[in-house]
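J.: what's the 3D shape of this:
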Amino acid sequence: MIQLRKIFVSILAGTFALAAAGATADETPLRIGIVYSYTGSNADAGPVLDAAMEAWLAQHKGMMSGRKVELIKRDDTGVAPDVAKRLATELVVQNHVDFLMGSIYTPDAVAMATASTQAKTPYCIVNAAGQGLLAKAPYTTRLGVTMAQIANPLASWAAKNGVKTAYSVLANYQPGIDGGKAFSDTFTAGGGKMVGEVLVPVNNTEFTAYIQRVKDAKPDAVFVFVGAGTASVAFFKGFHQAGLDKLGIRILASGDTLEEDALPQMGDEPNGVISSLNYSEVHDSAMNRDFVKAFHAADSTKTLEPNFFAVAAYDCMTAIDKAVAAQKGALDPDKTMAIWSGLKIDSPRGPVEIDAQTHDITQNMYMRKTTKQGAKYEDVEFSTIPMVKADGT
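T.: Numbers count the residues shown, from 1 in each chain. Below is the predicted model:
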């Protein structure tokens, strides 16, 4: 009996020793905590994110460096920073995630970055375009896009292509304010004149009064950033219903207003509109064609289109995989951030680099013209601005 007890104690001690040391990489799933919008005004964004991540996993047999990947998803419900922070904290404390990922809106991204910093859990921002998000977030990187990256090339193009006066219609939160300033500074430096600006509520869908202000100002063009989805559809419909296109007023669009899932809802209204963004579904590269094919195969609804949200999520998965592979075992958040500093990624959108000092994104930006290709409209790239930094330079 004494001998059996000794054997039991020995086995139990060995079990505790293994637990303390941690299971092997092959045995322990890699847990990625996702906080993103699955309901609210951008409810379609969640399924797009899911299809992009599943496309990456399908291409890599569900593994990162020999470890099965477990995606743990939570719904931030929209612009809700308190919710985003609470969910991110729960994922770290209760679910013991190795990485955080997500955010559409800048306020939510700031909240998640705070949770990331407190827990020392590396966090990859999918989309949140406000400037300066990473200054106090040492465990956060961004693989989306900034408003300066979008607005500066667009304003420069406008000043060089016959646009003398412009008016801005902007969502009233940090990305809108950042984008308005970037566009105005670059446009006026190029010889253009701003004749007005109006800030509209986030997710606003009634633009009649704002469009009337544009009409009264009679600019050559209107720079618009009102956010992706229903707000952008409503703006385009209101713009054309008011007859501003017939007056010769052009739309210069932040590319998110023309994201791929919204185009079918706009009819012919975006035809010929000039925009700038970091990605288009029809970007001409073999890697992008493979990504688009994998995305459609992973989309269970068979209704979605890959967009700039999708490619950022796909690249976040790549960045996480590279951090896991380089560490070959137990993950250390400081080592992860060192690996991410200066990391270069081959992406469906083109080359991407994480700035070694700021941890923010440097990437190609593209001038696009919305053009009918066969039965549907696409954002066709016609010019590349190579490797633009997060500050737009």
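J.: any idea how far residue 118 is from the residue positioned nearest the centre of the chain?
T.: Most central in the chain under C-alpha atoms, centre = their mean is residue 127, positioned 2.6 Å from the mean C-alpha point. Distance, residue 127 to residue 118, using C-beta to C-beta, to the nearest Å: 22 Å. Placement of C-beta: from N, CA and C, glycine included.
J.: cool, residue 227 as well?
T.: 29 Å.
J.: how about residue 132?
T.: When residue 132 is compared with residue 118 (using C-beta to C-beta), they lie 19 Å apart.
J.: element containing the residue lying closest to residue 256 once chain neighbours are set aside, please.
T.: Once flanking residues are discounted, residue 256 sits nearest to residue 228: 4.3 Å by C-beta to C-beta, 6 or more residues apart in numbering. Secondary structure from DSSP states H and E places residue 228 outside every helix and strand.
J.: surely residue 228 and residue 262 touch.
T.: Yes: counting by C-beta atoms under 8 Å, residue 228 touches residue 262, with 6.5 Å between them.
J.: for these two, indicate the residue with more neighbours.
T.: residue 228 (26 against 21; other C-beta atoms under 10 Å).
J.: and the pLDDT for that one?
T.: For residue 228, the pLDDT comes out at 82.
J.: give the contact list for it.
T.: Shown in contact with residue 228 (C-beta atoms under 8 Å, 6 or more residues apart in numbering): 42, 45, 256-257, 259, 262, 307, 309.
J.: those: which two are farthest apart?
T.: 45 and 257 (14.4 Å; C-beta to C-beta).
J.: and residue 320, how far is that from residue 141?
T.: Taken as C-beta to C-beta, the span from residue 320 to residue 141 is 10 Å.
J.: about what we covered before: neighbour count: residue 132 and residue 118, which is higher?
T.: Counted by other C-beta under 10 Å, residue 132 and residue 118 do not tie: residue 132 has more neighbours, with 16 against 13.
J.: mind checking how far that one is from residue 174?
T.: For residue 132, the distance to residue 174 - C-beta to C-beta - is 9 Å.
J.: now residue 286
T.: 37 Å.
J.: quick one: the strands in the stretch 1-150 of the chain?
T.: Applying DSSP state E, counting those that start in this stretch to the stretch 1-150 of the chain gives strands spanning 30-36, 63-64, 67-75, 99-102, 123-125, 140-142.
J.: I figured residue 98 hits residue 333, correct?
T.: No: with contact defined as C-beta under 8 Å, residue 98 and residue 333 do not form a contacting pair (9.1 Å).
J.: which neighbours do the two share?
T.: Common neighbours of residue 98 and residue 333 (C-beta under 8 Å, 6+ apart) are 121-122.
J.: pick out whichever of these two has more residues nearby.
T.: Between residue 98 and residue 333, counted using other C-beta under 10 Å, the more crowded position is residue 98 (23 against 18).
J.: tell me the contacts of the more buried one?
T.: 30-32, 121-122, 331.
J.: can I get those in a markdown table with neighbour count, pLDDT and distance to residue 63?
T.: Below are the contacts of residue 98 laid out as a markdown table (neighbours: other C-beta atoms under 10 Å; pLDDT from 0 to 100; distance: C-beta to C-beta, whole Å):
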| residue | neighbour count | pLDDT | distance to residue 63 |
| --- | --- | --- | --- |
| 30 | 21 | 97 | 9 |
| 31 | 18 | 98 | 14 |
| 32 | 23 | 98 | 13 |
| 121 | 25 | 98 | 21 |
| 122 | 28 | 98 | 19 |
| 331 | 16 | 96 | 15 |
